[in-house]
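J.: build me a model from this:
(one chain, ligands or ions: 2)
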Amino acid sequence: MKVQANYIGGEWIESSDANDNINPSDLSNVVGHYSRASASQAEQAIAAARDAFPAWAATTPQQRADILDAAGNEIIARKAELGELLSREEGKTLAEGIGETMRAGQIFKFFAGEALRTPGEKVASIRPGVDVEITREPLGVIGIITPWNFPIAIPAWKLAPALAFGNCVVLKPADLVPGCAWAVADILVRAGLPAGVLNLVMGRGSVVGEALLSSPEVDGISFTGSVATGKHVAAKCAESLKKVQLEMGGKNPFVVLDDADVGVAADAAVNGAFFSTGQRCTASSRLIVTEGIHDSFVDTVIGKLKDLKVDNALDPSTHIGPVVDQSQLDQDLSYIDVGQKEGAKLAWGGERLNRETEGFYLQPALFTETSNHMRINREEIFGPVATVLRVKDYDEALATANDTSFGLSAGIATSSLKHASHFKRNAEAGMVMVNLPTAGVDYHVPFGGRKGSSYGSREQGRYAVEFYTTVKTSYTAP
Ligand SMILES: NC(=O)C1=CN([C@@H]2O[C@H](COP(=O)(O)OP(=O)(O)OC[C@H]3O[C@@H](n4cnc5c(N)ncnc54)[C@H](OP(=O)(O)O)[C@@H]3O)[C@@H](O)[C@H]2O)C=CC1
Ligand SMILES: O=C(O)CCC(=O)C(=O)O
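T.: Numbers count the residues shown, from 1 in each chain. Ligands and ions are numbered 1, 2, ... in the order given. Take a look at the predicted model:
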């Protein structure tokens with residue numbers, strides 16, 4: 001099988017090392033082989049981006065918009081094929097893979113429009129006869145480090161604004177899922193990006209990621225991944241005064257009040273907690289339920305879990321694909337063990353499953369009778385595992401929801417406008433959902449959180465301009 005190369009300074013360049021991209025639904029199925037860049041190749045990529053920057057920064061918004069729009073069109077046109085690639089390398093279902101691919105295409109098209117709308121301001125001076133203008137300029141060379149759980153959408157929502165606003169990029173996708181990033185790079189290159197503007201360096205975080213963090217030629221790092229790596233990224237960026245943006249974990253609460261429609265609440269909880277195999281930073285991992293509805297909510301959720309088919313991600317009847325790899329599966333199973341040892345009741349699931357193809361299959365697990373100090377309610381598990389917390393009333397639900405070191409997404413199921421409005425104002429989270437799952441967001445509005453979930457300015461939508469540009473204030477006495 002061909003080894004897919006890295007893209008550095010306008011050339012596809014192989015490395016001496018390559019990974020085996022294995023399908024988590026079928027361990028005998030190799031999705032492809034992808035070069036692993038060395039640290040010196042990462043440095044070449046950074047140098048190429050630096051060299052390309054002045055010319056790319058001087059292109060017109062129309063030139064950049066045309067390339068991004070063409071890339072978005074191709075991604076959308078190939079959504080079935082790329083969605084299948086995504087499902088094969090990451091394990092989310094085919095429908096989820098195609099949906100995520102569509103989202104990536106729409107993101108490129110959205111930022112094609114944003115290139116044309118790069119904002120600026122003219123402000124009255126305090127001095128007579130002086131004009132004051134506030135303009136935005138590209139930041140420079142951006143290092144993009146992405147995780148495995150959204151292999152096409154996350155690279156898209158970092159690449160598209162970076163390129164739209166005139167930056168050059170070095171992209172390092174997660175070593176587990178290089179295939180979608182490779183495909184996006186190939187599409188962008190064929191859409192007309194000049195040499196050096198986009199560089200793809202697949203490989204390990206400890207090698208390629210570190211090279212990006214250490215280089216004085218990188219002006220900014222946009223990172224999504226774990227809290228531990230995110231803190232390391234921020235510390236390294238502080239040393240060299242790089243601009244940094246981090247999106248990290250979540251322990252997202254979904255509050256269910258007595259006045260909720262139990263069917264709506266259970267659907268949102270099952271979707272939010274277990275779809276995409278629970279491997280979303282926005283997953284509803286803590287279901288906080290008031291006493292009056294607790295038992296019927298738990299019964300309804302378990303009824304729905306019984307109907308979910310956990311199987312090969314490519315089987316169209318599958319609802320939940322496999323866990324991404326052995327190490328994530330071990331982490332999920334170890335938390336299921338921890339929860340039981342902490343005294344929580346494993347009300348449903350948690351079993352390792354065997355299917356026709358050998359893969360990392362895990363039955364979604366629901367814990368009840370949990371308390372918020374348990375590790376299963378404090379630490380991000382990142383798998384198909386959710387807990388139920390029984391609370392007395394709305395006030396206790398809100399306090400429990402906010403009692404976490406994370407603050408990404410928070411949801412509430414209620415028919416009360418009063419409680420929904422209060423929750424929207426008082427949930428300590430960057431995103432709040434009413435009668436909707438905590439996961440699954442729109443592509444054209446800001447994405448991000450508070451506390452330990454995010455650091456730096458928001459991603460996505462019009463707010464992405466903040467990270468990918470630097471502000472200049474000009475004074476003119478005509
Ligand atoms: N919030 C989110 O969206 C996500 C959260 N997670 C959480 O993180 C846990 C571990 O997953 P994992 O994939 O290991 O997450 P990491 O945070 O380790 O990985 C995220 C990205 O950072 C890279 N990276 C790792 N180490 C460094 C480094 N020293 N310098 C620069 N880049 C680095 C990784 O490279 P490499 O390819 O080598 O891994 C990957 O591209 C999960 O169980 C989950 O809890 C994971 C993914 C997404
Ligand atoms: O919930 C979503 O739509 C996005 C989630 C996400 O970005 C993540 O899990 O990293």
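J.: looking at the stretch 1-150 of the chain, which residue is nearest ligand 1?
T.: Nearest residue of the stretch 1-150 of the chain to ligand 1 (Cβ to the nearest ligand atom) works out as P147 at 3.3 Å. In short, each C-beta sits where N, CA and C put it, glycine included.
J.: who's in contact with the residue lying closest to L94 once chain neighbours are set aside?
T.: Of all residues not flanking L94 in the chain, S87 sits nearest, at 5.0 Å (Cβ to Cβ, 6 or more residues apart in numbering). Neighbouring residues of S87 by Cβ atoms under 8 Å, 6 or more residues apart in numbering: 25, 93-94, 96-97, 313-314, 321.
J.: just the buried ones from those residues?
T.: Listed as buried from those are 25, 93-94, 96-97, 313-314, 321; burial here means 16 or more other Cβ atoms under 10 Å.
J.: hmm, who's touching whichever helix or strand T473 is part of?
T.: T473 belongs to strand 469-476 when assigned by DSSP states H and E. For strand 469-476, contacts defined as Cβ under 8 Å, 6+ apart pick out 118, 125, 130-139, 165.
J.: show me what counts as buried in that strand.
T.: Buried residues in strand 469-476, counted by 16+ other Cβ under 10 Å: 469-470.
J.: report the longest strand in the chain, please.
T.: Longest strand in the chain, counting residues (DSSP state E): strand 26-36.
J.: that older thread, if you rank the contacts of strand 469-476 by neighbours, which is first?
T.: The most crowded member of these, judged by other Cβ atoms under 10 Å, is F165 (25 neighbours).
J.: near ligand 2, which residues of the stretch 1-150 of the chain?
T.: Within the stretch 1-150 of the chain, the positions lying close to ligand 2 (Cβ under 6 Å from any ligand atom) are 149-150.
J.: run through the helices of the stretch 1-150 of the chain in chain order.
T.: 39-57, 61-77, 79-90, 94-116 (DSSP state H, counting those that start in this stretch).
J.: also the stretch 351-478 of the chain?
T.: 375-378, 394-402, 417-426, 465-468.
J.: to ligand 2, which of those helices lies closest?
T.: Nearest of the helices of the stretch 351-478 of the chain (Cβ to the nearest ligand atom): helix 465-468, 15.7 Å.
J.: average pLDDT across that closest one?
T.: When pLDDT is averaged over helix 465-468, the result is 98.
J.: so how far is Q62 from the residue nearest the centre of the chain?
T.: Nearest to the geometric centre of the chain sits I154, at 5.0 Å (Cα atoms, centre = their mean). According to Cβ to Cβ, to the nearest Å, I154 and Q62 sit 27 Å apart.
J.: got the contact list for the residue in the stretch 301-450 of the chain positioned nearest to ligand 1?
T.: Proximity of the stretch 301-450 of the chain to ligand 1 (Cβ to the nearest ligand atom) peaks at F382, 3.5 Å away. Counting by Cβ under 8 Å, 6+ apart, F382 makes contact with 149, 249, 278-279, 283, 328, 331-332.
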